[in-house]
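**Q** sequence and predicted structure below; questions after.
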Amino acid sequence: MMRGGWGFSGGMMSGFGMFGGLMMFGNFLYPVLIVGLAVAGIVWLVKAAQRPNQQ
């Protein structure tokens, strides 16, 4: 089952297969992406606060 989700080369043959694969992959990466963006924003703010002369 997990192997079918990783078959991007086979999924690209049909738009629906690629869409389904991306939806499965998106459902798994969605929370990771949100956390990653939040951490990146905090790190950027901290760096900007430490170096106000460099935007």
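**A** It's in.
**Q** the protein: helices as residue ranges?
**A** All helices of the chain, identified by DSSP state H, fall at 2-6, 8-11, 15-50.
**Q** deepest-packed of the ones you listed, please.
**A** Most buried of the helices of the chain, by mean neighbour count (mean count of other C-beta atoms under 10 Å): helix 8-11, with a mean of 13. No exception for glycine: its C-beta is placed from N, CA and C like everyone else's.
**Q** residue ranges with poor pLDDT in this protein?
**A** Along the chain, the parts satisfying pLDDT under 70 run over 1-18, 53-55.
**Q** at 80 what do you get?
**A** By pLDDT under 80, the low-scoring segments of the chain are 1-26, 28-29, 52-55.
**Q** which residues does residue 38 contact?
**A** Residues near residue 38 by C-beta atoms under 8 Å, 6 or more residues apart in numbering: none.
**Q** quick one: it from residue 27, how far?
**A** Distance of residue 38 to residue 27, given as C-beta to C-beta, to the nearest Å: 19 Å.
**Q** swap in residue 47?
**A** The spacing between residue 47 and residue 27, counted by C-beta to C-beta, is 32 Å.
**Q** do the same with residue 52
**A** 40 Å.
**Q** same deal with residue 33?
**A** Counting by C-beta to C-beta, the gap from residue 33 to residue 27 is 11 Å.
**Q** with that, I have no additional questions.
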